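Undergrad: Sequence and computational prediction follow.
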Amino acid sequence: MKGSPLLAVDQALDQLMQLAAQATLQAVEQVGLEHADGRVLARDLLAPADSPPWSNSAMDGYAFRLAEVAAGPLPVSQTVFAGTAPDPLAPGSCVRIFTGAPVPPGADCVQLQENCRVDADGRVSSTVPLRVGANIRVQGEEIGAGAPLLAAGTVLGPVALGVLAAQGMEQVAVRRKPRVALLSTGNELAKMGAPLAPGQIHDSNRIVLKTLLRRLGCEVIDLGAVGDELALIRAALEQAAGADLILSSGGVSVGDADCIGSLLREGGEVRLWKLAIKPGKPFTFATYNGVPFIGLPGNPGSALVTFLVLVRPYLLRRMGVVQVEPLRIPVVAGFDWPTAGNRQEYLRVRIERGRAVLQATQSSGTLLSAVEADGVLEVPAGKTFDMGELLDFISFAGVVGPGSSH
Ligand code: AMP
Ligand code: MG
């Protein structure tokens, strides 16, 4: 690996996407809408019914037959509330109607009450010109029965669930959750909750990755923190049988005697990449006893960025999600970047009045400045820029959940 050229992030992502597409999780389960937040729609859905199911008033007001409005004030022949079924409009009359109430057959427009005059004898006229269809939400105008509603691979969120509920659905077919076996490696990692012996540190990656995985809709098999010893790691991985992915952090750099690499090389094809990514760089993809294995770098900032940029889209694609890339929003750089790097860089920034402000600390060894950041600015390798230039921003809020799950 030493001296080999760095692999571009896009190329690594392409390879991961191909691997993921060959290993899509096929099993489907039926879940109630209440339990479907963040789940991935398994099949294309057609609308079972028109939405709205009948034409209804968008306003509180009076429903008329337009041709009769000009004749002068009209008596009110009925009052229609939401949730009731109106009689047809009696000729030569109008109807008191409220928002959401079905429009009576024969009525073709609604005037809002503010634009109506009611005479002393209770007859109503419109004070403002009307047109056919005014203030009526027409049956099926949102979607007609039989039309495509949501596509397979859509990540369900509160709004999508509302669309399904509006169609009268109580259950939905979703892909099963991926099972991910997670471990941290490093002789320096203390037991959870135990005081630190000299030279030890606490394991922060595991809770970061575990939480990210769960938010992505995965079930996590927590294999704990394991020392840099092949036998120990092998023993821990026995519990990973049946997992869809093994995810480790640490032990992929040369300083660890490439512990994870030596383990994986025993088991077949290993892709050890030196990625042109900062923070990041060492990254491993392999198969261990038939289970796909991704090894992330141990530095907390590197593990976070490589997860968000590479592991997240990989897992989403395996879950059958179509839109796996994070949403990139151009924002104005609030600082100069005079020196080009040879790796694609993810800078922690805050967004202040539409400008990206650089966090003082960018060290891959720390997490705190990432908590205070709104997200990362993506700076391509070889790029310099001046304050005011537009660059792609990836919001943490957009990538710590299962894709575009609104
Ligand atoms: P490695 O990739 O194993 O060479 O680790 C790089 C750096 O990340 C070292 O400073 C490690 O101590 C640190 N590190 C590794 N694993 C973790 C972890 N689980 N939590 C926090 N820091 C870690
Ligand atoms: Mg290590």
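TA: In hand now; what should we look at? Ligands and ions are numbered 1, 2, ... in the order given.
Undergrad: Mind listing what's buried along stretch 51-63?
TA: Buried residues in stretch 51-63, counted by 16 or more other Cβ atoms under 10 Å: 51-52, 55-57, 59-63. Yep, even glycine has a C-beta here, placed from its N, CA and C like the rest.
Undergrad: if we take the residues you listed, which one ends up nearest to ligand 1?
TA: For the buried residues of stretch 51-63, the closest approach to ligand 1 (Cβ to the nearest ligand atom) belongs to Ser51, at 48.9 Å.
Undergrad: mind checking the SS state of Asp10?
TA: For Asp10, the assignment made with DSSP: H, G, I helix; E, B strand; the rest coil gives helix.
Undergrad: interface residues of the stretch 101-250 of the chain facing ligand 2?
TA: 186, 250 (Cβ under 5 Å from the ion).
Undergrad: just to revisit the earlier point, TSV for the buried residues of stretch 51-63, including pLDDT?
TA: Below are the buried residues of stretch 51-63 laid out as TSV (pLDDT from 0 to 100):
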residue	pLDDT
Ser51	96
Pro52	96
Ser55	98
Asn56	98
Ser57	98
Met59	97
Asp60	98
Gly61	98
Tyr62	98
Ala63	98
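Undergrad: near ligand 1, which of those residues show up?
TA: Among those, no residue lies close to ligand 1 (Cβ under 6 Å from any ligand atom).
Undergrad: Max pairwise distance over these: which two?
TA: Using Cβ to Cβ, the buried residues of stretch 51-63 span at most 25.3 Å, a distance reached by Ser51 and Tyr62.
Undergrad: Flag the shaky bits of the stretch 1-150 of the chain, pLDDT-wise.
TA: 1-4 (pLDDT under 70).
Undergrad: could you pull out the strands for it?
TA: When secondary structure is read from DSSP state E, counting those that start in this stretch, the stretch 1-150 of the chain shows strands at 28-32, 45-46, 56-57, 61-64, 76-80, 94-97, 109-112, 116-118, 124-126, 136-137, 148-150.
Undergrad: what's the first one in contact with?
TA: In this case it means strand 28-32. With Cβ atoms under 8 Å, 6 or more residues apart in numbering as the test, strand 28-32 has contacts from 39, 42-43, 170-176.
Undergrad: How about the second one?
TA: In this structure, residues lying in contact with strand 45-46 by Cβ under 8 Å, 6+ apart are 146-151, 164, 172.
Undergrad: Can you tell me how far the residue in the stretch 51-200 of the chain positioned nearest to ligand 2 is from Gly83?
TA: Closest contact between the stretch 51-200 of the chain and ligand 2, by Cβ to the ion, is at Gly186 (3.9 Å). Gly186 sits 63 Å away from Gly83, going by Cβ to Cβ, to the nearest Å.
Undergrad: more neighbours, the two?
TA: Taking neighbours as other Cβ atoms under 10 Å, Gly186 and Gly83 compare with Gly186 leading, 20 against 9.
Undergrad: my guess is that one meets Glu229, correct?
TA: No: between Gly186 and Glu229 no contact is recorded; they are 10.8 Å apart, counting by Cβ atoms under 8 Å.
Undergrad: Going by secondary structure, Gln323 is in what exactly?
TA: Per DSSP states H and E, Gln323 falls between elements, in no helix or strand.
Undergrad: Please report the distance of it from Gly61.
TA: For Gln323, the distance to Gly61 - Cβ to Cβ - is 41 Å.
Undergrad: can you check Phe396 too?
TA: Phe396 is 46 Å from Gly61, by Cβ to Cβ.
Undergrad: Repeat that for Leu16.
TA: From Leu16 to Gly61 the distance is 57 Å (Cβ to Cβ).
Undergrad: Tell me how the chain divides into domains.
TA: 9-27+176-318, 32-50+142-175, 56-137, 328-399 (automatic domain parsing).
Undergrad: Any idea how far apart the tips of the shortest one sit?
TA: Between the start and the finish of domain 32-50+142-175 there is a gap of 13 Å, counting by Cα to Cα, to the nearest Å.
Undergrad: mind checking how far it is from the chain centre?
TA: Distance of domain 32-50+142-175 from its chain centroid, counting by Cα atoms, centre = their mean, to the nearest Å, is 16 Å.
Undergrad: Would you map the strands across the stretch 151-300 of the chain?
TA: 171-175, 179-185, 219-226, 245-249, 270-274, 277-278, 282-288, 291-296.
Undergrad: Please produce a markdown table containing the ones you listed, extended by distance to Val159, mean neighbour count and mean pLDDT.
TA: As requested, those are arranged in a markdown table below (distance: least, Cβ to Cβ, whole Å; neighbours: other Cβ atoms under 10 Å; pLDDT from 0 to 100):
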| stretch | distance to Val159 | mean neighbour count | mean pLDDT |
| --- | --- | --- | --- |
| strand 171-175 | 14 | 19 | 98 |
| strand 179-185 | 27 | 24 | 97 |
| strand 219-226 | 25 | 18 | 97 |
| strand 245-249 | 29 | 27 | 97 |
| strand 270-274 | 37 | 19 | 83 |
| strand 277-278 | 33 | 23 | 96 |
| strand 282-288 | 35 | 22 | 92 |
| strand 291-296 | 31 | 24 | 96 |
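Undergrad: Show the contacting residues for Trp337.
TA: 379, 383-386.
Undergrad: Report the beta-bridge partners for it.
TA: Beta-bridge pairing for Trp337 (DSSP bridges): Phe385.
Undergrad: With Ile329 instead?
TA: Here Ile329, judged by DSSP bridges, has bridge partners Phe393.
Undergrad: Contacts only, for it.
TA: So Ile329 contacts 392-395 (Cβ under 8 Å, 6+ apart).
Undergrad: Recalculate using a threshold of 10 Å.
TA: 351, 375, 390-395, 398 (Cβ atoms under 10 Å, 6 or more residues apart in numbering).
Undergrad: Look up how far Asp392 lies from it.
TA: Separation of Ile329 from Asp392 (Cβ to Cβ) stands at 7 Å.
Undergrad: Check Val291 too.
TA: Taking Cβ to Cβ, one finds Val291 at 33 Å from Asp392.
Undergrad: Same question for Pro88.
TA: Counting by Cβ to Cβ, the gap from Pro88 to Asp392 is 58 Å.
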